[in-house]
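> Sharing a model that was predicted from the sequence below.
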Amino acid sequence: MKSILVLGGAGYIGSTTVYELIAAGKHVVVADNLQTGFREAVHPDATFYEGDIRTPGFLDSIFEKEDIEGVIHFAASSQVGESMKDPLKYYNNNLCGTEVLLESMVKHNIDKIVFSSTAATYGEPENIPILETDSTKPTNCYGETKLSMEKMMYWTSIAHNLRYVALRYFNACGAHSSGKIGEAHNPETHLIPLILQVPNGKREYISIFGNDYDTKDGTCIRDYIHVTDLAQAHILAMDYLSRGGESNTFNLGNGVGFTVKEVIETARKVTAHPIPAKEEARRAGDPSTLIASSAKAKEVLGWNPQLDNLETIIESAWNWHKNHPNGYAN
Ligand code: UFG
């Protein structure tokens, strides 16, 4: 049986996708440099290669040793704030890494790639919900490099025998039902894990960044999508390419927005903890509202997110964080 190569398979969304691929009966090969991923997050049944996709010959040697059907590519830097302070790190890791990858794929005649893109490719949205055809004007370097990765795949697909699917995620959250893997970033910047640090005794209160946005309660609205639903979309996208589907781009979200205050309130209910909150200044670069239209992914890929209730999402995140208050360290 051929294998799927998952680059960045020790990270949050990558490891969840590996668990779901293995549950679906696939053979999986994982490569990760473990700079932000964790060895413990790699599924025990996956074949693991520790290394960096930019290292000359690393990917070539995997393609020579393993019988690879297609690649799912998560190996990239993904923090908006860091990308503004150190843009060249993002150009190097995200763009140089992808260039080395595509060159190696073309050389070994591997013709299918699914990769993680982001809602940050849109920048300040023109319409809500956001459609794939809306204009892309990233407002941060992270989004810019992901958009450039999409374009690199596009031009490569024109010149060579290679097709791609770009999946533009909205706000990934929650944890896999196995309880073995979950979100663990250092430093953590995402809303739900930061909120859950309060009932875990690691933080006294949650900061609310901005209370004067043009939304129902003044706080930002986001479309929170469960990581297992994202993982399923990668499997469906690879199946779509295997059936001969043409290169394509899809939004992945639930199509429902929640304010920061609503997320905090739901976390209070789930954890039965008062979770104090402090209203603070806006965080630079945050758009007021981001909600996906995922109609295209539903229609073309047959994607059907299952964990679309905010309470269920936060319960699954809480199940991970309360059992792993220090992430993979315990
Ligand atoms: N927020 C707070 N307090 C916090 C942390 C976040 O109020 O302590 C707010 C933010 O201001 C934002 C919302 O919670 O309004 C969500 O913030 P996150 O940092 O969790 O997520 P973002 O929406 O900023 O970022 C997500 C992805 C990025 C992606 C971006 C697209 O995590 O990878 O969407 O715009 F680039």
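Sure, I can see it. Numbering: from 1, shown residues only.
> The residue nearest to residue 9 when sequence neighbours are not counted - how many residues pack around it?
Among residues not flanking residue 9 along the chain, residue 30 sits closest, at 3.3 Å (CB to CB, 6 or more residues apart in numbering). Any C-beta I mention is one placed from the backbone N, CA and C, and that applies to glycine too. Look at residue 30: counted by other CB atoms under 10 Å, it has 28 neighbours.
> swap in residue 240?
Residue 240: 22 surrounding residues under other CB under 10 Å.
> repeat for residue 196
As a burial measure, residue 196 scores 26 neighbours (other CB under 10 Å).
> Surely it touches residue 266?
No: at 11.3 Å, residue 196 and residue 266 do not qualify as touching, with contact defined as CB atoms under 8 Å.
> Overlap in contacts, these two.
residue 314 (CB atoms under 8 Å, 6 or more residues apart in numbering).
> Run through the neighbouring helices and strands of the helix or strand containing residue 59.
Applying DSSP states H and E as the criterion places residue 59 in helix 58-65. For helix 58-65, the elements it packs on are strand 27-32, helix 97-107, judged by 3 or more CB pairs under 8 Å, 6 or more residues apart in numbering; DSSP states H and E.
> ok, which stretches of the chain are strands?
3-7, 27-32, 47-50, 68-73, 112-118, 163-169, 171-173, 206-209, 221-222, 224-226, 248-252, 258-259, 277-280 (DSSP state E).
> Now tabulate these in TSV and tack on mean pLDDT.
Shown next, in TSV, are the strands of the chain (pLDDT from 0 to 100):
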stretch	mean pLDDT
strand 3-7	98
strand 27-32	98
strand 47-50	98
strand 68-73	98
strand 112-118	98
strand 163-169	98
strand 171-173	98
strand 206-209	98
strand 221-222	98
strand 224-226	98
strand 248-252	98
strand 258-259	98
strand 277-280	98
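> quick one: which of the ones you listed is nearest residue 320?
Distance to residue 320, taken as CB to CB, is lowest for strand 171-173 among these, at 10.6 Å.
> Contact residues of the stretch 51-200 of the chain facing the ligand?
78, 80, 118, 119, 120, 142, 143, 171, 189, 190, 191, 194 (CB under 6 Å from any ligand atom).
> Among those, find the lowest-pLDDT one for me.
Ranked by pLDDT, these bottom out at residue 80, which scores 91.
> which residues touch that residue?
Here residue 80 is in contact with 120, 140, 142, 143, 189, 285 (CB under 8 Å, 6+ apart).
> that older thread, for the residues of the stretch 51-200 of the chain next to the ligand, work out which two are farthest apart.
143 and 194 (21.1 Å).
> Of the two, which one has the most company?
Neighbour tally, residue 143 and residue 194, criterion other CB under 10 Å: the higher count belongs to residue 143, 24 against 16.
> Tell me which residues touch that one, please.
By CB under 8 Å, 6+ apart, the contact set of residue 143 is 80, 118, 120, 121, 122, 123.
> do residue 112 as well
So residue 112 contacts 69, 70, 71, 162, 163, 164, 238, 241, 242 (CB under 8 Å, 6+ apart).
> any idea how far residue 132 is from the second one?
Right, the one you point to is residue 70. The gap separating residue 70 from residue 132 is 21 Å, by CB to CB, to the nearest Å.
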